[in-house]
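Asker: let me see the structure of the following:
(chains A, B, C and D)
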2 protein chains.
Amino acid sequence: MVNQQFTFAVHIMTMLAFSGEKLDSQRLAASVNTNPVVVRRLLMALHAAGLLTTEAGRNGGARLTRSPEKISLLQIYDAIEPRPIIAINRRRAARHCPVSCQMKNVMTSVATSTDGAVRRHLRAITLQQVLRKVKTSAARSR
Amino acid sequence: MVNQQFTFAVHIMTMLAFSGEKLDSQRLAASVNTNPVVVRRLLMALHAAGLLTTEAGRNGGARLTRSPEKISLLQIYDAIEPRPIIAINRRRAARHCPVSCQMKNVMTSVATSTDGAVRRHLRAITLQQVLRKVKTSAARSR
DNA sequence: CTTAATTGTAATAAACACAGTTACATTTTA
DNA sequence: TAAAATGTAACTGTGTTTATTACAATTAAG
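Answerer: Got it, this is the predicted structure:
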């Protein structure tokens, strides 16, 4: 199974940006086509990151804490805390082997810099840009 | 479980670059600290990508097809054919919802450009650089 | 020519991650 | 007080990854 949490989270954030109103997990789940509990788990992560507020009780739901141009995909990415792009071999190294002994250090640096490349890329994309793309594409297909 | 194929593959390639000789799957597996069959599966992928040759039979094993400065981490990455960094939601969209209908397109573009960022980064790192780092670090820790 | 060592590859098992689901206490509004 | 929603735990089912066993095919050594 592929991890779809980031895609789900961006979808949820885009829905909230699109509507501009408070939406409940049921409504969001219908748009993502998943279960409301899956959505609520993501809402909690996004809430912990300060990207949205949630209200319990009747007429509860979630809404963005700030406007979409002030939210980057990197912030959503970090809220979800995804697995690292490149995993490191955590096994014990073969002590007599120089390559085995150094691979962890070397690959950690490769993994970190690769992560940096992804983060720089996502930091440059705002929720506003995603929203605009959704709106113009939707308009075109009408 | 975390996918470690890329790390394993870079380790294997670095071992072959370091030794400059033919190494068998047993020897490589000892350095990576995994099973020889796991190594052989990766060797097949690396062989299919033209990065090394393998010989069956007694005194068999693998060796690089060219010098480490002509091999990039991107070539190793592509040989392994890893899962995409960002997964797309493949479920049916909610037809009445503009966001739901457009998310697949929008996220596909985000996923593609993110993949590009990773690829540009890995293309700039050569096996020679990895090898040098291993050698200098090993020398320092002696 | 026989034996031993190695790859190539299939089949299966074990460990783990993820999404889905049910359930329910808590919160809030009507 | 009832209804509707979140927060959250527990469990299930499915898919992914690595490990392992097994063995045919290949190759070199003696």
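Asker: residues in chain A within reach of DNA strand C, list them.
Answerer: A:1-5, A:8, A:34-35, A:37-38, A:55-60, A:83 (C-beta under 7 Å from any atom of the strand). Every residue, glycine included, has its C-beta placed from N, CA and C.
Asker: for stretch A:91-102, measure first residue to last.
Answerer: 12 Å (C-alpha to C-alpha, to the nearest Å).
Asker: what's the answer for stretch A:64-81, then?
Answerer: First residue to last in stretch A:64-81 (C-alpha to C-alpha) measures 19 Å.
Asker: filter the residues of chain A next to DNA strand C to the buried ones?
Answerer: Burial by neighbour count, 16 or more other C-beta atoms under 10 Å in any protein chain shown: within the residues of chain A next to DNA strand C this picks out A:4, A:5, A:8, A:34, A:38.
Asker: quick one: which of these sit in helices?
Answerer: Judged by DSSP state H, the subset of these located in helices is A:5, A:8, A:38.
Asker: just the pLDDT at the closest residue to the first one other than its chain neighbours, thanks.
Answerer: In space, not counting the residues next to it along the chain, residue A:5 is nearest to residue A:80; the distance is 5.0 Å by C-beta to C-beta, 6 or more residues apart in numbering or on different chains. Note for residue A:80: predicted pLDDT of 97.
Asker: wait, residue A:80 sits on residue A:42?
Answerer: Yes: with contact defined as C-beta atoms under 8 Å, residue A:80 counts as touching residue A:42 (7.2 Å).
Asker: does the residue lying farthest from the centre of chain A count as helix, strand or coil?
Answerer: Relative to the centre of chain A, and counting by C-alpha atoms, centre = their mean, the farthest-placed residue is residue A:96 at 41.8 Å. Under DSSP: H, G, I helix; E, B strand; the rest coil, the three-state class of residue A:96 is coil.
Asker: what's around the residue nearest to residue A:5, how many residues?
Answerer: 18 (other C-beta atoms under 10 Å in any protein chain shown).
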